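> this is a predicted model, with the sequence first.
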Amino acid sequence: MSALSELNIEIALCQQCEIAKYRNKVVPGEGAEDADIMFIGEAPGWHEDQQGRPFVGPAGKYLDELLASIGLRREQVYIANVIKCRPQGNRDPLPVEIQNCRQWLERQIETIHPKMIVTLGRYSMAMFFPGKSISKIHGTAQKRGNVIYYAMYHPAAALHQQSLRRAIEEDMLKIPSLLARAEVIKEEQEPEQLSMF
Ligand code: URA
């Protein structure tokens, strides 16, 4: 069994948070184990909790369309969330849940070793761009070590707001060129600078 499958089994057994009692299924993540790009959302919703798979509801269908716009299928990337269990009633994740679950996401990133991490929404952005505002940094990237971090709006938010929809679709289209230039992009540039191309 692959290291990632073993890790995801460990995740599925986690009982650290109160919400573990209410979940139907854990949603560790899915996709290519050697993916170049990892998309990180917020938390499973109702559909994801039913199926144990990330982004399979309306936001997931939209994410699939966004991926298709750059010629990718979900099997070619890795899709995960900041927290792996559904918060009851789709409330926002609690700080303690984000803290408890952080180890799992970090281990997934170490195992997958992506070239690019794309944050979807505020909670995911806050992990990688602390203190930043999504309306300012969406569509911009920053290289740290060998990884490019790139912030986008959450597909669920963009589905319902026309202006965000345009933004998320445009931001998605920038990904292939960022990835193609991954090796030549300089480290630690401010997020804004990388968006100028
Ligand atoms: N929203 C998320 O953030 N993640 C999912 O898996 C589904 C919806």
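Okay, I see it.
> so what's the closest residue to the ligand within the chain bridging to?
Using CB to the nearest ligand atom, the single residue of the chain nearest to the ligand is residue 41, 2.9 Å away. For every residue, glycine as well, the C-beta is placed using N, CA and C. With DSSP bridges as the criterion, the beta-bridge partners of residue 41 are residue 81.
> residue ranges with poor pLDDT in this structure?
By pLDDT under 70, the weakly predicted segments of the chain are 188-197.
> now do the helices in it.
With DSSP state H, the ranges of helices along the chain come out as 3-12, 46-51, 58-69, 95-112, 122-128, 134-137, 155-160, 162-173, 175-180, 191-194.
> interface residues of the chain facing the ligand?
By CB under 6 Å from any ligand atom, the part of the chain that sits against the ligand consists of 41-45, 48, 54-55, 59-60, 81, 156.
> list the contacts of residue 49.
Contacts here follow CB atoms under 8 Å, 6 or more residues apart in numbering; on that basis residue 49 touches 23-25, 27, 85-86.
> repeat that with 10 Å
With CB atoms under 10 Å, 6 or more residues apart in numbering as the criterion, the residues that contact residue 49 are 22-27, 43, 56-57, 85-88, 90.
> highest neighbour count among these?
Among these, residue 27 has the most neighbours (other CB atoms under 10 Å), with 31 neighbours.
> which ones are touching the spatially most central residue of the chain?
With the centre of the chain defined as its mean C-alpha position, the nearest residue by CA atoms, centre = their mean is residue 40, 0.9 Å away. The neighbourhood of residue 40, defined by CB under 10 Å, 6+ apart, consists of 29, 54, 78-82, 105, 108-109, 114, 117-121, 123-125, 127-128, 149.
> closest one of the contacts of residue 49 to residue 137?
residue 43 (21.0 Å; CB to CB).
> phi, psi of the closest residue to the closest one other than its chain neighbours?
Ranked by CB to CB, 6 or more residues apart in numbering and with sequence neighbours excluded, the top spatial neighbour of residue 43 is residue 83, at 4.6 Å. In this entry, residue 83 is assigned phi and psi values of phi -120, psi 150 (degrees, to the nearest 10).
> neighbours of residue 83, how many?
Taking other CB under 10 Å as the definition, residue 83 ends up with a neighbour count of 25.
> one more: residue 124?
Other residues within reach of residue 124, judged by other CB under 10 Å, total 26.
> dump the residue contacts of it.
Contacts of residue 124 by CB under 10 Å, 6+ apart are 39-43, 80-82, 98, 105, 117-118, 134, 151-152, 154.
> any idea how far residue 63 lies from residue 81?
12 Å (CB to CB, to the nearest Å).
> can you list residues touching both of these two?
Common neighbours of residue 63 and residue 81 (CB under 10 Å, 6+ apart) are 39, 41, 54-55, 120.
> kindly present these as CSV, with separate columns for neighbour count.
Rendered in CSV, the data for the shared contacts of residue 63 and residue 81 read as follows (neighbours: other CB atoms under 10 Å):
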residue, neighbour count
39, 29
41, 28
54, 28
55, 28
120, 27
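> what residues of stretch 154-168 count as buried?
Across stretch 154-168, burial judged by 16 or more other CB atoms under 10 Å covers 154-158, 164-165, 167-168.
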